[in-house]
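Asker: Here is the input, now give the coordinates:
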Amino acid sequence: MLLSIANITTLDAQNINEDLYSGLEYRLLGPFRGGRSAAVTGVPNQPNLFYFGATGGGIWKTTNGGREWENISDGYFGGSIGSISVSKSDPNVIYVGGGEKTVRGNVSSGYGIWKSVDAGKTWSSVGLKNSRHVPRIAIHPTNSDIVYAGVMGNIYKPTQERGVYKSIDGGKTWRKTLFANEHAGVVDLIIDPTNPRILYASTWRVQRTPYSLSSGGEGSILWKSTDSGETWTEISTNNGFPTDTLGIIGVTVSPVNNQRVWAIVENKDKGGLYRSDDGGENWTYVNSERKIRQRAWYYTRVYADTKDVDKVYVLNVRYHKSVDGGKTFSTHNAPHGDHHDLWIAPENPDRMVIGDDGGAQVTYDGGETWSTYHNQPTSQFYRVTTDNHFPYRIYVAQQDNSTIRIPHRTDGYSISEGDWESTAGGESAHIAVDPKNNDIVYGGSYDGFLTRVNHETGTVRAINVWPDNPMGHGAEGMKYRFQWNFPIIFSKHNPNRLYTFSQHVHVTENEGQSWDIISPDLTRNDPEKLKSSGGPITQDNTSVEYYCTIFAAQESPITEGLLWVGSDDGLIHLTKDGGKNWENVTPKGMPEWMMINSIEPSAFDAGTCYVAGTKYKTGDFTPYLYKTTDYGKSWTKITNGINPEHFTRVLREDPKQKGLLYAGTETGMYISFNDGKNWKPFQLNLPIVPITDATIKDNNLIVATQGRSLWIIDDLSVIHQLYNLNQDANNILFKPKDTYRMRGGSRKGSKLTGTNHPNGVITNFNLKNYSEKDEVALTYFDAKGDTIKTFSTSSKKNKLKVEKGANTFVWNMTYDGAERLKGMILWWASLNGPRTIPGNYKVSLTVNDETISQPFTILADPRAESSLDDMKKQFTFIKEVNKTMDEAHKSIKKIRKINTQLSAFEKQYKGNESVKDLLDKAKELKEKFTEIEEALYQTKNRSGQDPLNFPIRLTNKLGHLNSLVRMGDFAPTDQDVKVKDELSAKINAQLKEFNDLIDNEIKAFNEAFNAKQLNYLFIEN
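Answerer: Next up is the predicted model:
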């Protein structure tokens, strides 16, 4: 029976049952190249065990010294991690603090304190949910219930929720024992490793806004406690410490001599490393080198060696090691650079783990060698786009690394480093691919950097709109304010027209040789927000904090010249005539100074546009999504159903289904079936991670994350079909999406590579009331209606595994192959059936006595050089080869059964003179059957390399032709056909001899046997 159809209107579609699409999954694409980590730890006396926290990607664990990493926080929490600490007294106890200390422009907050008591297998939330940023956790060395949290707090606005918090009941309750002021939170916190009553902490006055970073000022203090953190004394006013404005401070204590204390200090004139040899009473300024204190807010961490009182490490762009108490430093680099955290094993200081902008790396030789970071899928991305190549490629820019283009699927079985490459632009780029040539790519980066890369020729050209390098300068003096993440887009109608955006709209139609301005300043241009950034001590101008810039833009896919732009200071403008005239269409009532993060003109209506904005850098974590249907004359806020703190970065419209929207937030994905009127979580198996961008290509949803690389849903057509579906039906079969006949496949479970796209017909179905007593089957039919293959719950050979609710099955598009013998050893031969040829097919879902059918199409690989006729010839060839091999192998199975019976007869009647003639005949028959078997198959081969010693026989040779011909989509060569015919003739001759033996000599043997009235059940012929 066919499914009944219930027309569901767009506005009613929010009632769609989530169970119907719960079988969809996000696939981790990769790349496996680590992103920033600011929190690492090892475990004393467990040399291969380490943990790190990703800034956006949760907690990771290795049990083999960094060769492989596994996420252990998924299913509990995720997001940005600021600290991780393992109890020395009970290594099963782990505390984790959310929110990184590295407060760069794309910083994310965390979700409080989490605790595990089983080494990360399970987790529970243990408070301080509004701490936002917890850069340090310190655990009492002999009592894991006594724990201290250094809380930096909300870095965007004043708050009382800062300072040192102490718990004596394992995190059930917390008391604040240190508070500097509402602007300064704790950035470093350590327990004296020789005396747990002594603690050191540093508080740091820091604030980030959309247009500035300020490090230092009142509240930046170094503290000491001698009573287990109950009271604190400022020690940064002690003798020898700088007396003017302080910034960030890092502190450490030597485990060898607890009077030896180091502090790395941000200060304008006397910044650098300070040392105390009396527990902080007096300080000596021991090193002022810029290399150990440059860009202080991003680094400023110091670590004492666990065995040598004079050895100390300072982290910065590179890491620095001193063996003379800090007077001089040698400079080193872990595999990535930009180092943020270090853990040194107390029992062996040569064993360390470091956290940097490439993740975590392990050393066992004091830093001479390190493990790789190319095994961590924790990349942080900004924007995502695709090209029109087949298979299409995805383009992203990785924070503190290169841009990447990576295929969404490959001809292999996974997606590895060999499948991707760098492309145009730098770490923060928007990327645009030439619509006429997929190998010409444009990419940006900070300071207005813009390049054109031709992958075919390998050429690179800088085409900056205005190549005046602004590095180190504030935005106030810049002719064109290009933000760190400035947009670059091609016109959707004129493939020669490339746009890029500062405070103006710039356009080129000659590949960047020259640029025209087609707009006035479309920002607020507020001079108070166009100043040098960094704070009272150290300036830091990289264009991250450039404000009053155009931050999002897009041209209508319907109307040429209809261009929407949004600024990071809260304005939206529209031109309908390609830039000749501009109209301010900023929504009335939208909070001022909104960062317009994405703009999405509708593919269905020219006057409709969707906008995603954020204000989180002002301390407002509210989601802001807006929609207009009248070219911006009026706007509606559309955030119903989204968590009030899941601020939004991106909204995308499904180009195939009107009213279907996807939103990416700081804490995951949402979906709306009714044009934004309501939203539901669309997390599925996606980890909790900030979503920075999303795009849709060929019914795939591609999601860029900040800390978990790229994820993709392979079949949005399931979502589309929900709009015209009887949701109350007991059994539902979705129409499979068009499937390409191409190579490759999907192997799950690798900790080192991305998951490839499944190779086959992805069949989604839903069993509302399934129970184990039900018989369920999927049957695939060709265009004539002939059965190709059936998979069922009752079949042993083609087993179908199902469960109640949503199910997904992937049919590999191959017919049944030839019979395989038990223990068969073949050398480079295939027994697999032919693959389906491009065309129209049908699948049926049968549940007991109900059958539902859906058509589907198999498409040719667009890269194939073969015609449909070639593929048909290949299909016929392989089918004929398999038919011959199948008959031969089934005959061998019969031979083995017959020979077993003949041997049993010989054993039973051995020495019986009355049946000597039959015994002689049995021996003769066995020899003849064995001769046939050994002509068909090499029976001496017992292991994979045996064929090098025992030559392969006829069916192996014929199977080799199957392997050769199926390598591509080509028809067999003339010589393939000749060899096949020759081998088939030889095999058929053996099969004729076998059949003659059965029809004649076995028949005669049985008659003689019966004539003697023997009491042994014998051979059936």
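
Asker: what about the strands in the stretch 1-150 of the chain?
Answerer: 26-30, 37-42, 50-56, 58-62, 70-71, 79-86, 94-98, 113-116, 124-125, 136-139, 147-151 (DSSP state E, counting those that start in this stretch).

Asker: So what touches the second one?
Answerer: The set of residues external to strand 37-42 that reach it, using Cβ atoms under 8 Å, 6 or more residues apart in numbering, is 49-55, 81-86, 97, 100-102, 135, 340-343, 345, 351-356, 358-360, 378. Every C-beta, even on glycine, is put in place using the N, C-alpha and C of the backbone.

Asker: what stretches of the stretch 701-850 of the chain score poorly on pLDDT?
Answerer: Low-confidence segments of the stretch 701-850 of the chain, defined by pLDDT under 70: 749.

Asker: Now do the helices in it.
Answerer: Ranges of helices in the stretch 701-850 of the chain, per DSSP state H, counting those that start in this stretch, are 717-721.

Asker: where's stretch 980-997 relative to the chain centroid, distance-wise?
Answerer: Relative to its chain's centre, stretch 980-997 lies at 54 Å (Cα atoms, centre = their mean, to the nearest Å).

Asker: Need the mean per-residue confidence for it.
Answerer: Stretch 980-997 shows an average pLDDT of 97 in the prediction.

Asker: Now do the buried residues in that stretch.
Answerer: Under the neighbour-count criterion of 16 or more other Cβ atoms under 10 Å, stretch 980-997 has 980, 983, 984, 986, 987, 990, 991, 994, 997 buried.

Asker: so where is this structure shaky, pLDDT-wise?
Answerer: 1-14, 749, 1015-1021.

Asker: hey, where'd the helices end up in it?
Answerer: 717-721, 868-909, 916-936, 954-965, 974-996, 1003-1011 (DSSP state H).

Asker: most neighbours per residue, which of these?
Answerer: Highest mean neighbour count of the helices of the chain: helix 954-965, a mean of 22 (counted as mean count of other Cβ atoms under 10 Å).

Asker: what packs against that helix?
Answerer: Judged by 3 or more Cβ pairs under 8 Å, 6 or more residues apart in numbering; DSSP states H and E, helix 954-965 is in contact with helix 868-909, helix 916-936, helix 974-996.

Asker: Can I get the ones you listed in a markdown table including distance to residue 204?
Answerer: As requested, those are exported to a markdown table (distance: least, Cβ to Cβ, whole Å):
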| stretch | distance to residue 204 |
| --- | --- |
| helix 868-909 | 67 |
| helix 916-936 | 79 |
| helix 974-996 | 73 |
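
Asker: sorry, back to before: Throw the helices of the chain into CSV and include distance to residue 276, thanks.
Answerer: Listed next are the helices of the chain as CSV, based on distance: least, Cβ to Cβ, whole Å:
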stretch, distance to residue 276
helix 717-721, 63
helix 868-909, 78
helix 916-936, 86
helix 954-965, 73
helix 974-996, 82
helix 1003-1011, 102
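
Asker: Mind checking the ones you listed for the one nearest to residue 620?
Answerer: Evaluated over the helices of the chain, closeness to residue 620 peaks at helix 717-721, with 31.3 Å, by Cβ to Cβ.

Asker: List the neighbours of the closest one that are in contact with it.
Answerer: Helix 717-721 has contacts (Cβ under 8 Å, 6+ apart) with 21, 23-24, 654, 656-657, 660, 671, 699, 734-735, 737, 764.

Asker: same thing but at 6 Å, please
Answerer: Helix 717-721 is touched from outside by 21, 24, 656, 657, 699, 734, 737, 764, with contacts defined as Cβ atoms under 6 Å, 6 or more residues apart in numbering.

Asker: about what we covered before: for residue 604, find the nearest of the strands of the stretch 1-150 of the chain.
Answerer: strand 26-30 (25.8 Å).

Asker: Could I get the CA-only coordinates of the closest one as CSV?
Answerer: Below are the C-alpha coordinates for strand 26-30, written out as CSV (Å, rounded to 0.1, in the frame of the first residue of the first chain):
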residue,chain,number,x,y,z
TYR,A,26,26.0,15.2,11.3
ARG,A,27,29.1,13.7,9.8
LEU,A,28,32.5,14.9,11.1
LEU,A,29,34.4,15.9,8.0
GLY,A,30,37.6,17.2,9.7
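
Asker: Kindly provide the distance from the closest residue in space to residue 699 that isn't next to it in sequence to residue 705.
Answerer: Counting by Cβ to Cβ, 6 or more residues apart in numbering, residue 699 lies nearest to residue 716, which is 4.5 Å off, once chain neighbours are set aside. Applying Cβ to Cβ, to the nearest Å, the value for residue 716 to residue 705 is 18 Å.

Asker: Between these two, tell me which one has more neighbours.
Answerer: Using other Cβ atoms under 10 Å, the more surrounded residue of residue 716 and residue 705 is residue 705, with 30 against 22.

Asker: Hmm, that one is touching residue 689, no?
Answerer: Yes. Between residue 705 and residue 689 a contact is recorded at 4.6 Å, counting by Cβ atoms under 6 Å.
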